[in-house]
Structures are given as C-alpha cells and as structure tokens.
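# I would like to see how this sequence folds:
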Amino acid sequence: MGHDGAVARFAPERGWEREFLLSSAGFVARPTLRGVAWPEAQRAHAVGDLGAMWLWRGETGLWERDPAAPVGFEGNLQAIAFRPGDPFRGYAAGTEGVLLRYDKTWTQEPLPAGFERASFWSLAFAGDDAIAVAEQGVLVNDGGGWRVDAGVQALLDSLPRTEPPQLLAAAGLPDGGAVVAGRELVLVRDSASSGWRFSDQPLVGLTAVAAAATRDAERVRPVVSAIARLRYPIADQLPEADPNVPPPIVPPYPLAPEGYLLRETGSGWRDETRTALTGTAVDRPLKADPIHAFALGADGEGWAVGGWSGHADSGGRGTSSRSARGRADRARVQTGAILRYRGEGGPGRARGRDGGRRAAARPGPLRGGRARAVRGALRRPRRAGDRSGPVARRSDRARATARRAPRGAASAPLHGRAAAPGSGPTPPSEMERYATLLSGGGLPVFAAVSAGDVAGGSAAFRAAFAQHPAPLGAAAAPPGVTPVGGGTAAARTHYAFDSDGPTGVVRVIVIDNSAGSLAESDPHQVPAEPGGQAAWLRDVLADAKTRGIPAIVMGSRDLNTRFAPRLKAAATATRSRGSSSREGRPRTSSSARRRTARTRSPQGRRRRSRRSAPARSATARRSSTRRATSPTRCSATRGCCS
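As a prediction, the model looks like this:
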C-alpha cells in the first residue's frame, strides 16, 4: 500500500502484482494508503488519508470501500492492526484522537484523559496486548479498555525534560515482545511478563518512523527506519477557532522523506541500507528508497516497503513546495520499493517472480563489441562507536566484482568515480583505500575527482593515485589504452584516453567538475591548462572529431541541468535554485516549513460547483481512465536524483 492508491499483492507462484481500488462507478481511486492488515485469509483492510477505508474480499478478488466505515468519516488514519487469530478484534488509529474499534463496524473508542485529541501514529499487537503509539505516550489494551502504559511512561518521565518526547512507531511479537520508537528513543519489551527498557544504545540525532521486532534468544532486537537531522513530522499550525467558520480540515502529514534501515545487534546499531545517512549539497551518494513499513518475522526475515515522495530530505534533495511546480517536481522523482529483508544479510530488492533471496553477484562473460562505463560511489560507515575508518561495504564488493570481470572481447576500461558522501574532505585513509580497490584485476579502472576529494586541495587525491596506470597516474598505461596528450603529472585531475577494442576506438574524456563547473574547478587542476579545462576539452573533442573517434565525457557531477528538482547538477548557477543551498541545507518555502489547515466555506463550495454535474462526471471519467491505463512514469533516470 502507498501513495496515489498504489496496491501490490504477493502471490507465491507469480510474485508481486498490481491491484487497483475501484469505486462503485468503476473509477480508479487514488488515496494515500498508510496501513494494511489481514485478519483472515479472505479479508484484508487498508486505511489512509482523508477517511480512506478499503476492504478486500477473497471471493471477488477486488478492493471496495469498507461498508463498515463510519458515516461521513474524513479522519487521517495512520495504522491498522488485528489480533492474530481473532478477525473481530482490530483497531485503526490516526490523527486528532481517532482510534476506531472493529466489531463488524468501526466505532470510536473512549480514550484516557489527555489523549482525546492525540495523534496516533502506529498500532501493533504484542501477544494479547494492543499497543497504540501517540507522540506523548503509549496506550495499551488487553481487552478491558485503553489505558496509559505505566512502564513506558516511567521511562519517559526519567528522561531530561529538554523537550516533550515523540513516539512514532510500534511493533510486536506473538510471544509478547514489543518495540516502541521515536525521536532519539527506542524502548524494548523482551516478553509479555517483562518490563520495558531502553535499547542498548540510543539513536542519537535520529528519528525512527517505522519499527519491527525480532527475536535474539531471550532478547528482542529492534529494526527501525530512521530519519537523519530533519524534524518529522512538521507541526500543525491551525487557525484560531472562529464560531462563524466551520472547523478546519487538518491536512494529512506528508510521507517521511527519508528512512534508513538500522538493525540493533550485540555490538550496537548497524546500517543495513549501506548508504551514508547525510550528505553535502554537492557530493552525495545515490539516494536510497526510504523505508516506511516492515513485515518481518521473529527471525528478522520478511519484507520492507517504501519509496521517496520527492519531499526535501536532510541532504537537500527534493522539494517541499506546495506550488504546482513543486508537485510536478516531486512527481518526476517519486519512487517505490519492495525489498526482501534477509536478517543478517541486509535488504535486497525483490526480483521478479521468485520473491526469494537475491543471488550473490558473480562476474560473468562480457558480450563483445561493446564499451562499458561503470560509475561507483564510496560510502562512509555509520555505526555506533565507528564514525570513520575503512569498513567493507557492498559497494566495495560490487567494484571488486566489476574489475575481476574477464577482459575478453570488450576491452574498454571501466570508469570509477571517487565519491565521499560525508561532510567535509575525504580522509586520506579512505582515499588510499579507494585507490587500492581500483587497482589490479582483469579490467583497468579509473577515477574522477569528486567534491570531497578536493575540499582541502587535490594533494591527497594525487598522492593516492600517483602510481595508478596512465593517464590518471604515472604508471604505464594498460594494454588497449592510449593516453591523449603529453605530460607526466601524477595524478591528473582531468585526462583523456583512447580505448582500442575489436570493433574500433572510443575516446574517454574525464573532466573535473567537482566544484560545480569546469571554471570553478580550474584552481586545483593538475596539470594546469593555459585556457582552463574548457579550452582543453574543446581541443580534445575537436581532435576526436577530426579522427572520426566517438567520445564519451564523464565527471563526478551530473551534466544534465534540465530536470527538476536540480539535485546534483554540474552547473554552478543551478545550486541556488531547486532544493538545496551551498551549505547543504534543504531550501524550502515558508509553506513547506509549516502545515496550514484548509477550511470549507459555502463560497468555496459554490466556486467549485460552477461546472455542471454531467461535465464534472465526464471529466473525472476521462481522467480516471487515463490514469488506470497509462500511469505516470518519471521520464528521468534515478541517476539524476543522486
């Protein structure tokens, strides 16, 4: 379940299949869905924004609006849960004090004092206990009504009162183990009879937006999806009450723009996404799909689902503007992900029809007659107590696999990119490690300078790659590689070479646009060009044209500045536009920093009613048909959003 009415169901023999929400008139509905529960094999419930409540019936195989929903209900529901084995004991919760109980119909539950207008973010069953998480505390219900969980409240009261606590996620196990998490806080209950405790290590500077509970012998180990630096959710700013105006309709919260998967182990928190949690404005890794929900067993295996809504994240990517341009920009970069989580092995994207574990990457034969260029990224570790230093990562294994590939008929070298997504310059130890990873193997691999490599000058980069094969370093060029131009600089920050293969020659030109443009990168160039890199590039391209050689130009920054939001464009002028500033802080409009409520007025209703009813119906029918048959797709590749 997800944004824009996205529904996918897993069939063991066929994999994940798309399904649709159909109205009684046959139109495709597209609400944002935030929770789903299967109380029994032939029935499922899904809930979401603005009163969305849907029911799936196994006898028809179709989704329909839940006939048990309260009449006129327009609340924003965040979660739904049923007690395992009991299809008639379920709850749905949302903002503004909404906590509904299912008993063949959905009815509002009485709440303890202080929670009448609370926003409930998550629901879970831990054994016989239903757990409802609100920002300020946790309610529990063992069948006798909702009450404040005294154990959780005692832990919250023991914290320094610098600001109110914020809890956002809950998960439970059939044996009574449970997890509750929020801003810089994870609480764990190892069994139904044990008390609550803090996790072994806190989530410093992080906010957990989703959680799962796994079993490790006698202890429960949490798995969370966390946001770095950003404050989530954004607080509501409601207008003052006016007796002459209907009460406001509080808009739903936007989906979290981040969600890095972290798992607690005996040695602390482990980054399972293997992507740096933060980045600078000019040098970032490929954005990982945020994780919004888990479906894990006690052994830690199962599914993680999510995607990026396009809202601004802590790395300055995306935009939270509510203008038409902002909505169009978000639609361009929105993603969806269904990941198979393998416990100790980390997540892997679901593969087609098998739905099983992803096979390990193995080097295979290359088809002849093709030149290949591979871009990689060096990722910094994010472990508790281990903020720097070399750690074996999945990207390292991918690069090692690539350079071990058989040379065969495709003799074009691979092109690696040195990138350090953390803040500030790349440490020399990481630079040397990167150079070591790229050396040796069946195919020569070259590097392009990134912003972190030259943040303090290019000396560290040149020292690390001084003995790399020419034209990058001073060592002899590998077979099939002919450096273009003279000079003995070691190592060069920009260079070119001709790659000779069975079907011809390709010229590879590596530029340095790490500072945002060729001109701004000129001060640290080795060798220094009389007319700058731009003149050198024109000469190299002109020479290739004269010789009839096809050319490929590569750099560490995105060369395409047409797509918006401009997340990592090479042109310096684009940095002040789009979604990020020079310091890497998200640039958001005032409307993105606060959430305002909409009001319904008779005047507004009259304005919306100017078109005749038949005209509106015809327009809606045409629009729904187009959306159902031709769903919108992003015309850009994921590379432009990195």
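# residue ranges for the helices of the stretch 101-250 of the chain, please.
Ranges of helices in the stretch 101-250 of the chain, per DSSP state H, counting those that start in this stretch, are 150-157.
# what's the answer for the stretch 401-550 of the chain, then?
For the stretch 401-550 of the chain, the helices defined by DSSP H, counting those that start in this stretch occupy 428-438, 459-464, 518-521, 532-547.
# where does the stretch 201-350 of the chain have low pLDDT?
Scanning the stretch 201-350 of the chain for pLDDT under 70 picks out 236-238, 276-285, 343-350.
# residue ranges of the strands in it, please?
Ranges of strands in the stretch 201-350 of the chain, per DSSP state E, counting those that start in this stretch, are 206-216, 219-228, 236-237, 260-265, 268-271, 291-296, 301-306, 337-342, 347-349.
# Looking at those strands, spot the one closest to L438.
strand 268-271 (23.3 Å; Cβ to Cβ). In this view, the C-beta of every residue, glycine as well, is placed from N, C-alpha and C.
# what's the closest one packed up against?
Counting contacts by 3 or more Cβ pairs under 8 Å, 6 or more residues apart in numbering; DSSP states H and E, strand 268-271 packs against strand 260-265.
# which residues are contacting the strand it packs on?
With contacts defined as Cβ atoms under 8 Å, 6 or more residues apart in numbering, strand 260-265 is touched by 186, 199-201, 203, 206, 214, 221-228, 269-273, 275, 277, 288, 290-291, 300, 304, 341, 347, 382.
# Just the buried subset of the residues you listed, please.
Neighbour-count burial (16 or more other Cβ atoms under 10 Å) applied to these gives 186, 199-200, 203, 206, 214, 221-228, 269-273, 275, 277, 288, 290-291, 300, 304, 341, 347, 382.
# circling back: output the helices of the stretch 401-550 of the chain as a markdown table; include the columns mean pLDDT and mean neighbour count.
Formatted as a markdown table, these follow (pLDDT from 0 to 100; neighbours: other Cβ atoms under 10 Å):
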| stretch | mean pLDDT | mean neighbour count |
| --- | --- | --- |
| helix 428-438 | 76 | 19 |
| helix 459-464 | 85 | 20 |
| helix 518-521 | 87 | 19 |
| helix 532-547 | 94 | 15 |
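# between the strands of the stretch 201-350 of the chain, which gets nearest to L518?
Taking Cβ to Cβ, strand 219-228 is the member of the strands of the stretch 201-350 of the chain nearest to L518, at 32.2 Å.
# Packing partners of that closest one?
strand 167-172, strand 178-182, strand 185-189, strand 206-216, strand 260-265, strand 291-296.
# With distance to T60 added, can I get those in a markdown table?
Conversion of those to a markdown table gives the following (distance: least, Cβ to Cβ, whole Å):
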| stretch | distance to T60 |
| --- | --- |
| strand 167-172 | 31 |
| strand 178-182 | 35 |
| strand 185-189 | 40 |
| strand 206-216 | 31 |
| strand 260-265 | 36 |
| strand 291-296 | 24 |
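# which stretch among the ones you listed comes nearest G532?
strand 260-265 (39.6 Å).
# picking up where we left off before, redo the helices of the stretch 401-550 of the chain as JSON lines? Include distance to W308.
Listed next are the helices of the stretch 401-550 of the chain as JSON lines, based on distance: least, Cβ to Cβ, whole Å:
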{"stretch": "helix 428-438", "distance to W308": "27"}
{"stretch": "helix 459-464", "distance to W308": "31"}
{"stretch": "helix 518-521", "distance to W308": "29"}
{"stretch": "helix 532-547", "distance to W308": "33"}
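# for those helices, which one sits closest to G316?
Comparing the helices of the stretch 401-550 of the chain by their distance to G316 (Cβ to Cβ), the top pick is helix 518-521, with 18.4 Å.
# Can you list the low-confidence ranges for the stretch 51-200 of the chain?
Along the stretch 51-200 of the chain, no part satisfies pLDDT under 70.
# Buried residues, stretch 48-61. List them.
Within stretch 48-61, the residues scored as buried using 16+ other Cβ under 10 Å are 48-49, 51-56.
# Out of those residues, which is nearest to S314?
For the buried residues of stretch 48-61, the minimum distance to S314 (Cβ to Cβ) is 24.2 Å, reached by D49.
# Contacts only, for the residue lying closest to that closest one once chain neighbours are set aside.
Leaving out its chain neighbours, the residue that sits closest to D49 by Cβ to Cβ, 6 or more residues apart in numbering is P252, at 3.9 Å. Counting by Cβ under 8 Å, 6+ apart, P252 makes contact with 32, 49-50, 76, 95.
# Show me which of the residues you listed is closest to A118.
Of all these, A118 sits closest to T95, with 8.6 Å by Cβ to Cβ.
# and the closest one, how many neighbours does it have?
The local packing of T95 (other Cβ atoms under 10 Å) involves 22 other residues.
# Same check on the one 10 residues further on?
Around T105 there are 12 other residues, counting by other Cβ under 10 Å.
# Which residue is the nearest non-sequential neighbour of it?
T105 sits nearest to A68 (Cβ to Cβ, 6+ apart), 4.5 Å away.
# again, but for W196
G151 (4.1 Å).
# Could you do A29 as well?
Here the residue nearest A29, using Cβ to Cβ, 6+ apart, is L21, at 4.3 Å.
# OK, contacts around the one you found?
Neighbouring residues of L21 by Cβ under 8 Å, 6+ apart: 5, 7, 28-31, 54, 63.
# Return the members of these classed as buried.
The buried subset of these - by 16+ other Cβ under 10 Å - is 5, 7, 28, 30-31, 54, 63.
# Which of those fall in strands?
7, 28, 54, 63 (DSSP state E).
# Make JSON lines out of those and add distance to F497.
Below are these laid out as JSON lines (distance: Cβ to Cβ, whole Å):
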{"residue": "V7", "distance to F497": "50"}
{"residue": "V28", "distance to F497": "53"}
{"residue": "W54", "distance to F497": "58"}
{"residue": "W63", "distance to F497": "57"}
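# Relative to D128, which of these is nearest.
Checking those one by one against D128 (Cβ to Cβ), the nearest turns out to be W54, at 27.2 Å.
# Name whatever forms a beta bridge with the closest one.
Judged by DSSP bridges, the bridge partners of W54 are A46, R65.
# Could you report the separation of it from V508?
The gap separating W54 from V508 is 53 Å, by Cβ to Cβ, to the nearest Å.
# swap in D453?
Distance, D453 to V508, by Cβ to Cβ: 19 Å.
# quick one, which of the two is more surrounded?
Neighbour totals were compared for D453 and V508, and D453 leads with 31 against 22 (other Cβ under 10 Å).
# surely that one meets P428?
No. If you go by Cβ atoms under 8 Å, D453 and P428 don't touch, sitting 10.5 Å apart.
# Can you pull the residues that touch both of the two?
A460.
# ok so, going back, farthest-separated two in the ones in strands among the buried ones among the contacts of L21?
Farthest apart among these by Cβ to Cβ are V28 and W54. That separation is 12.4 Å.
# Out of the strands of the stretch 201-350 of the chain, which gets nearest to E40?
strand 291-296 (16.6 Å).
# Next, the buried residues of that closest one.
In strand 291-296, counting by 16+ other Cβ under 10 Å, buried: 291-294, 296.
# So which other helices or strands are in contact with it?
Packing contacts for strand 291-296, counted by 3+ Cβ pairs under 8 Å, 6+ apart, involve strand 206-216, strand 219-228, strand 301-306, strand 337-342.
# any chance of those strands in TSV, plus distance to A328?
Listed next are the helices and strands packed on strand 291-296 as TSV, based on distance: least, Cβ to Cβ, whole Å:
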stretch	distance to A328
strand 206-216	26
strand 219-228	25
strand 301-306	22
strand 337-342	22
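# Among those, which comes closest to M554?
Across the helices and strands packed on strand 291-296, closest to M554 is strand 337-342 (Cβ to Cβ), at 27.6 Å.
# And stretch 317-327, what's buried?
317-321, 326.
# which one of those is nearest R547?
R547 lies nearest to R317 out of these, by Cβ to Cβ, at 40.1 Å.
# any idea how far M431 is from the closest one?
Applying Cβ to Cβ to R317 and M431 gives a distance of 25 Å.
# quick revisit: residues in contact with the residue nearest to W196?
Here G151 is in contact with 189, 195-196 (Cβ under 8 Å, 6+ apart).
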